[in-house]
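Participant: Give me a model of this one.
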Amino acid sequence: MTDFPKLRTVRRIAAAGTALACAWVAAGWRTEESEVDLAERAAFAFTVTGSPMEQFHPGAVRRTRVTIANPYPFAIRIRQVDARVTGSSKSRCKPTPANLVIGSYRGGLPLIVPAGGRRTAGEFEVTMPDTVADACQRATFRLAFSARADRVAR
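Facilitator: Numbering: from 1, shown residues only. The predicted model follows:
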């Protein structure tokens, strides 16, 4: 029986902040007879995006819907989705939990994204606390998304 390699995520933050290209690299596995060919350790990338986080005010709650696009000729299984605040449109507004809080992921996992397809993966609830710094009111926040996936066996 042939096992497919488990894949691990390599995270890269996109400059725009609302999208993140996630890459995974096949981790080598060994059998008693042979080692994995180096060609099987190629890196693959897929895109994770979320809706913009704009016009916040103290106490505001927004949801960002997450979409995953798979450019490959094979399906992928999403096992984990994460988000974090990376910046804001106002230089005096720091991307800290005191200014913006990202809740837990809300969506069903694992999620299969078909070959060459895209799927809505769920969402994150994002809240601006009542104690937010004045400099953050009506700011646009940049979020980075990441996901863990592996290749679906045929």
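Participant: Spell out, range by range, the strands that occur in the chain.
Facilitator: All strands of the chain, identified by DSSP state E, fall at 7-11, 19-26, 43-50, 61-69, 76-88, 101-106, 111-113, 118-127, 141-151.
Participant: Save the ones you listed as a markdown table, and put in mean neighbour count and distance to Asp134 too.
Facilitator: Just so you know, the C-beta spots here come from the backbone N, C-alpha and C atoms, and that holds for glycine as well. What follows is the strands of the chain, written out as a markdown table (neighbours: other CB atoms under 10 Å; distance: least, CB to CB, whole Å):
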| stretch | mean neighbour count | distance to Asp134 |
| --- | --- | --- |
| strand 7-11 | 16 | 32 |
| strand 19-26 | 19 | 29 |
| strand 43-50 | 18 | 26 |
| strand 61-69 | 18 | 19 |
| strand 76-88 | 19 | 13 |
| strand 101-106 | 14 | 17 |
| strand 111-113 | 18 | 39 |
| strand 118-127 | 18 | 17 |
| strand 141-151 | 23 | 16 |
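Participant: want to throw the ones you listed into CSV with mean pLDDT and distance to Ala135?
Facilitator: Shown next, in CSV, are the strands of the chain (pLDDT from 0 to 100; distance: least, CB to CB, whole Å):
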stretch, mean pLDDT, distance to Ala135
strand 7-11, 35, 28
strand 19-26, 34, 25
strand 43-50, 82, 23
strand 61-69, 93, 19
strand 76-88, 92, 9
strand 101-106, 95, 17
strand 111-113, 96, 37
strand 118-127, 95, 17
strand 141-151, 90, 13
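Participant: okay, those strands in CSV with distance to Lys94 next?
Facilitator: Formatted as CSV, these follow (distance: least, CB to CB, whole Å):
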stretch, distance to Lys94
strand 7-11, 21
strand 19-26, 21
strand 43-50, 20
strand 61-69, 19
strand 76-88, 8
strand 101-106, 13
strand 111-113, 33
strand 118-127, 16
strand 141-151, 11
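Participant: out of those strands, nearest to Pro95?
Facilitator: strand 76-88 (4.1 Å; CB to CB).
Participant: Please measure how far the first residue of stretch 71-81 sits from its last one.
Facilitator: Stretch 71-81 has an end-to-end distance of 18 Å (CA to CA, to the nearest Å).
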